[in-house]
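> Structure of the sequence below:
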Amino acid sequence: MGTLAHLGGSLGWLIIGPIAFLIPMISYLVKNGEQVNRDELELDHMRQASNASITIAIASIVHGALMLILVGFLTMLAHWICYLVWSIQANSAMKRGEQYRYPLTIQFF
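Next comes the predicted model:
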């Protein structure tokens with residue numbers, strides 16, 4: 001579930017666009033509701049993935065406004081590439097059993 005949260009959010013942008021922020025949020029809510037086999041490290045990773053996906057969804061509004069002056073295409077591409085790299089790093093940290101905080105991310109949860 002943690003891998004789905006990390007990579008589903010970033011790779012989901014290629015397939016379903018800005019509503020991809022729902023993938024980490026739904027996986028977090030499902031895992032958070034479990035009472036049995038609750039892994040706090042995995043839950044924290046899913047929380048961080050949700051925060052990152054919401055942050056990039058909000059940032060996409062700014063990128064959309066910047067597209068009016070044609071620079072938004074570059075800023076969105078750069079932001080998505082950073083998000084993809086960070087999600088891969090986060091997934092690797094989860095596999096090693098380490099904490100990870102996405103850079104430049106608003107902490108909602």
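> buried sites along stretch 81-92?
Across stretch 81-92, burial judged by 16 or more other Cβ atoms under 10 Å covers Tyr83, Leu84, Trp86, Ser87, Ala90, Asn91. To be clear about C-beta, it is placed using only N, CA and C from the backbone, and glycine gets the same treatment.
> which element is the fifth one on?
The reference is to Ala90. Assessed by DSSP states H and E, Ala90 sits inside helix 72-96.
> In terms of secondary structure, what does that helix contact?
If contacts are counted by 3 or more Cβ pairs under 8 Å, 6 or more residues apart in numbering; DSSP states H and E, helix 72-96 sits against helix 2-15, helix 40-66.
> hey, least reliable of those helices by pLDDT?
Per-segment mean pLDDT for these reaches its minimum on helix 2-15, at a mean of 79.
> Who are the packing partners of the helix or strand that it is followed by?
Moving toward the C-terminus from helix 2-15, the next helix or strand (DSSP H and E) is helix 22-33. Where contact means 3+ Cβ pairs under 8 Å, 6+ apart, helix 22-33 is packed against helix 2-15, helix 40-66.
> Name the residues that touch the shortest one?
Residues outside helix 2-15 that contact it (Cβ atoms under 8 Å, 6 or more residues apart in numbering) are 20-21, 23-24, 27-28, 42, 45-46, 49-50, 52-53, 56, 80, 83-84, 86-88, 90-91, 94.
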